[in-house]
Every structure is written in structure tokens, then in C-alpha cells.
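A.B. asks: Take this sequence and fold it.
(chains A and B)
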Amino acid sequence: MTELYRLRSVTKRYGSNVAVDIDALTIDSGRLYTLTGANGAGKSTLLGILAFLTPPTSGEIFYAGERIDWKSDMVRMRRRKVTLLHQSPYLFGGTVFRNVVYGLKARGIAGDAALRSVGRALETVGLDRFRDRDARELSGGEAQRVAMARALALGPEVLLLDEPLANIDRETAVLLETVISLLPSRGTTVIMTTHDPDPPVGRNVGSIVLEGGKVAAPRISLPA
Amino acid sequence: MDFLVSSFAEALGLIGAFSPDVVDAVRTSLSVAAGATVFAALFGVPVGLAVGLSDSRWKGFAVTVLNTLMAVPTVVVGLFVYGFLSRQGPLGALGLLFTPTAIVIGGTLLASPIVANYTLASVRGADPRILPTALTLGSGRFRAVATLVGEIRFGMFAAVIAGFGRVVAEVGVAMMLGGNIRGYTRTMTTAIALETSKGEFSFGMALGIVLMTVALIVNLFLSLLQRR
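C.D. replies: Reported below is the predicted structural model:
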């Protein structure tokens, strides 16, 4: 496996509050990681940094060997390789199709290619018949699946998931677990926050534990 | 009481008969208010967006300035613009004073802070997940802001309609900059002020009814948009 992210002396402060303070952290490509920690441990902040949405206060981040310059257009280009799915995802007004095609349009992908990608992504989450439904009229579980389809349609190198299995029905949770567990075998790096220390999302799962913004105990759970 | 009832009946008659003076005043009012609203939207919406999305330490000051501008009395706006447009003023050579254009300029200054403040309120009230979602899906900053605008478009429309409501109902700017010239710069509000002072109460009431109807329609639109 190759190194995808390398964080060196990364901090993020909000006023006097230190949300994240990481000496060193390496994340390999094509693996699934769980990110755990108590509320306020800095999980969401770290996801924001890894998604290139939240610039750190100090420190260096390397992505695929390249040092990220937060003031250059490079950040936008790197951001297109990483997709963050919030715990309570926001769906834009309009149809499910409009939501799922949004990121493709942002990348200049349209026509048949976009239609195929949207169709495949909706099929993966079992919502292929929901294409023309009003996104605002979906249940919580359906909305979560649309948001997952919206991310999958982009085929990101990295998928960051903030509590993807929280607050959804069991059926949706099982479906999303299956989808998530298959992603690393297709080359997608997945980092998901969870309160479950042993989430049922596959084997060879890396673990990042945050305590007070610091990495507490990186470990790898190997196949039994 | 008889006086009010008979005046009201006479006013309805004037409206129903499409009295040329009433029609002229209504047309002038609506056209200058529409013109001022367009310019106020072009200025106020971007300012409201810029302030709302800014992380600058001057943001609080900018909000205070916008709030203060919203509270400026119409006669002060009229006085300020009059100073520029009067013959001795820096723009006196343009000959704009006592023209509909002068009322549009004053109305624009009056409505812009309202449009900007309502836009700012829309941005502040927007779901905080909109921008991060657009960005993480690959949008650049401009496209992400355009997405935000699309998501809060009803708030934007409300901002523009509130600006129109402010201009169409004001009297100070129209009186000072328009000069209340019959058939040219006489608006509903200035006509009401003049005709009532002349004792033509029913004429003033006719225009008052039309103005109230316009205000009612504007506010119905506003409440409809705010519900969305």
C-alpha cells in the first residue's frame, strides 16, 4: 500500500481552543480506517482538514507525496479527489438526480457519461427508482443513501464519512456497511468516524483514535 | 363620518373611472420604484452576500453601517442627493433634478441598504452545510456561492420586494428630488400630500387606496416567500 496522506505537526485552533494537535499521522491508500474518539476529540475537524475544507492553523499536510499549499488553486484540485459525507447530509433543493449529478457537473461531466454515473450510483444504494423524486421529501435513511450516491458518483480517491451509520434505520445501515466495505477493494480510501470500536465494515481496518485532538493509539486490526 | 364615507365612495369612483391624474401618479410611482429596485438589487444583493460570507474582522462594523443606512430618514437621503444634483452641486450640469431619474437615484440609495440587509439575513439564516457540501463535491468558490444563492433564492426575492415596498411608499425623496410635477414626477405619495393639503381629500384617498393595495400585494408576496 502506498502512503496517501502524511500529516506533520498539524494543529487547528479556534481562538484559544485547540481542536486538533497531531504530531504525525500517515494514512495509506486503498484502506478503510475508523476514526474514533469522544465528543469534542477533534474527529470532525480532522475530517474537514483531510477533505481540504478546513485549513490547519499550522503544520504540513502531504497528499500523494505533494505538500499542500492552502493558498493555491492546488487545494481545489485536491479537494476534487476527496469527498466528505456529513453525518446529517445536506441535500440541495430539487430532484434526487440534481443532487447526484451536482459534483459531476462541477467537474464538467455531462450528457450520457453523467447519466450513466448517476444511474450506477443510485443503483448501488438501491435508489434507482428515486431519480426524479423531490430530495426534500425523502426519509432520513433515503437522504443518507442519496448523499452516499452523490459521493459515489464522483468515484473519489478518498471518501470521508462522518458517522455514516448513525441515526438511520437498520436496513439502510446494513446496505451502507456493505457499500463502504467494498470501496477499499476498488481503490478508494475510506475514513469513517464512529462511536463503535469494532464496526462491521470489513477486515484489515486501520484505526485512528483521537483524544483531546491528539492521535492516541494508531493500530491495525488484522484478519482473524 | 358622512364626510369619510362620501370621500371613500368618490375615491372608488375616481379609481373606477381611471382618472388620468390617478393613472399618471400610479404609473410614475410604479416605474420609478421598479427602476430604483433594479439598481438597488444590483448593488444591495452583492453587498449583502459579500458581508454575509466574509470572515473579515470588519464584518461587524459593515453590518452596523448597513443597519444604520437602513434607518436613515428619507428626507436626509433626499437632501444628500439634492446637494449633488442641484445646479450648484457637482452633478448639477446633468440637469437631473426634478426628473424621474432623480427619484430613481434617491430610491436606489434608500432601497439598497434594505436589500443588502435582507440578503445578509438570508445568508446568515442559510443552512451552514450548503457551502461545505458544494465545495466537497468539487465546486470552486464561485460555483459554491452560486449554489448558496440558488438555495436561498426566496430570501433574495424577499429582499428585492422589501426594497420595492420601501421606495413605492416613501414621500421625502420623491418630493425633494422629483418636485411633484404633475404628469411627470408626481407619484402617489406626493400627490396624496399635495391634494390633501388642497382639500381634495377624495383624490388623496383614491391614491391612498391604490397605494395600500400595492403595499398589500407586496407584503403578500413577502410573506409567501418567507414561508418558503
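A.B. asks: where's the residue nearest the centre of chain A relative to B:L131, distance?
C.D. replies: The residue lying closest to the centre of chain A (Cα atoms, centre = their mean) is A:L160, at 1.3 Å. Distance of A:L160 to B:L131, given as Cβ to Cβ, to the nearest Å: 17 Å. Yep, even glycine has a C-beta here, placed from its N, CA and C like the rest.
A.B. asks: ok so, going back, beta-bridge partners for the residue nearest to the centre of chain A, please?
C.D. replies: Beta-bridge partners recorded for A:L160 (DSSP bridges): A:L84, A:I191.
A.B. asks: Surely it and A:L50 touch.
C.D. replies: Yes. With contacts counted by Cβ atoms under 8 Å, A:L160 reaches A:L50, the gap being 5.8 Å.
A.B. asks: So for those two, which residues contact both of them?
C.D. replies: A:V82, A:I191 (Cβ atoms under 8 Å, 6 or more residues apart in numbering or on different chains).
A.B. asks: The nearest residue to B:K59 once chain neighbours are set aside is in what secondary structure piece?
C.D. replies: Spatial nearest neighbour of B:K59, chain neighbours left out: B:V51 (6.3 Å); criterion: Cβ to Cβ, 6 or more residues apart in numbering or on different chains. Element membership for B:V51 (DSSP states H and E) is helix B:20-53.
A.B. asks: tell me what that helix is packed against?
C.D. replies: Applying 3 or more Cβ pairs under 8 Å, 6 or more residues apart in numbering or on different chains; DSSP states H and E, one finds that helix B:20-53 contacts helix B:59-70, helix B:100-125, helix B:141-151, helix B:153-169, helix B:188-197, helix B:201-227.
A.B. asks: Please repeat the previous calculation with a cut-off of 10 Å.
C.D. replies: Under the contact criterion of 3 or more Cβ pairs under 10 Å, 6 or more residues apart in numbering or on different chains; DSSP states H and E, helix B:20-53 touches helix B:2-16, helix B:59-70, helix B:100-125, helix B:141-151, helix B:153-169, helix B:188-197, helix B:201-227.
A.B. asks: Would you mind telling me which of the ones you listed is nearest A:G40?
C.D. replies: helix B:100-125 (25.2 Å; Cβ to Cβ).
A.B. asks: Only the C-alpha atoms, please, for stretch A:83-91, written as PDB.
C.D. replies: C-alpha atoms of stretch A:83-91 as PDB (Å, rounded to 0.1, in the frame of the first residue of the first chain):
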ATOM      1  CA  THR A  83     -15.400  13.700  -0.800                       C
ATOM      2  CA  LEU A  84     -16.700  14.300   2.700                       C
ATOM      3  CA  LEU A  85     -20.100  13.000   3.700                       C
ATOM      4  CA  HIS A  86     -21.600  14.700   6.700                       C
ATOM      5  CA  GLN A  87     -23.400  12.800   9.400                       C
ATOM      6  CA  SER A  88     -26.600  14.800   8.600                       C
ATOM      7  CA  PRO A  89     -26.000  15.500   4.900                       C
ATOM      8  CA  TYR A  90     -27.500  18.500   3.100                       C
ATOM      9  CA  LEU A  91     -29.500  17.800   0.000                       C
END
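A.B. asks: how close does B:M205 get to B:R182?
C.D. replies: 18 Å.
A.B. asks: The two: which has the busier surroundings?
C.D. replies: B:M205 (22 against 11; other Cβ atoms under 10 Å in any protein chain shown).
A.B. asks: shouldn't that one be in contact with B:A191?
C.D. replies: No. With contact defined as Cβ atoms under 10 Å, B:M205 does not count as touching B:A191 (11.3 Å).
A.B. asks: now the angle between helix B:2-16 and the helix holding B:V51, please.
C.D. replies: 80 degrees (axes from the mean of the first three to the mean of the last three Cα atoms, to 10 degrees).
A.B. asks: Enumerate the positions of helix B:20-53 that are buried.
C.D. replies: B:21-22, B:24-26, B:28-30, B:32-33, B:35-41, B:43-45, B:47-53 (16 or more other Cβ atoms under 10 Å in any protein chain shown).
A.B. asks: from the chain's centre, how far out does it sit?
C.D. replies: 5 Å (Cα atoms, centre = their mean, to the nearest Å).
A.B. asks: lowest confidence element among the helices and strands of chain A?
C.D. replies: strand A:219-221 (a mean of 50; mean pLDDT, DSSP states H and E).
A.B. asks: got a list of what residue 95 touches?
C.D. replies: Looking at chain A here, since you left the chain open. A:V101, A:F130, A:R131, A:D132, A:R133, A:D134, A:A135, A:R136, A:V146 (Cβ atoms under 10 Å, 6 or more residues apart in numbering or on different chains).
A.B. asks: Sorry, I should have been clearer: chain B.
C.D. replies: B:L85, B:R87, B:T101, B:A102.
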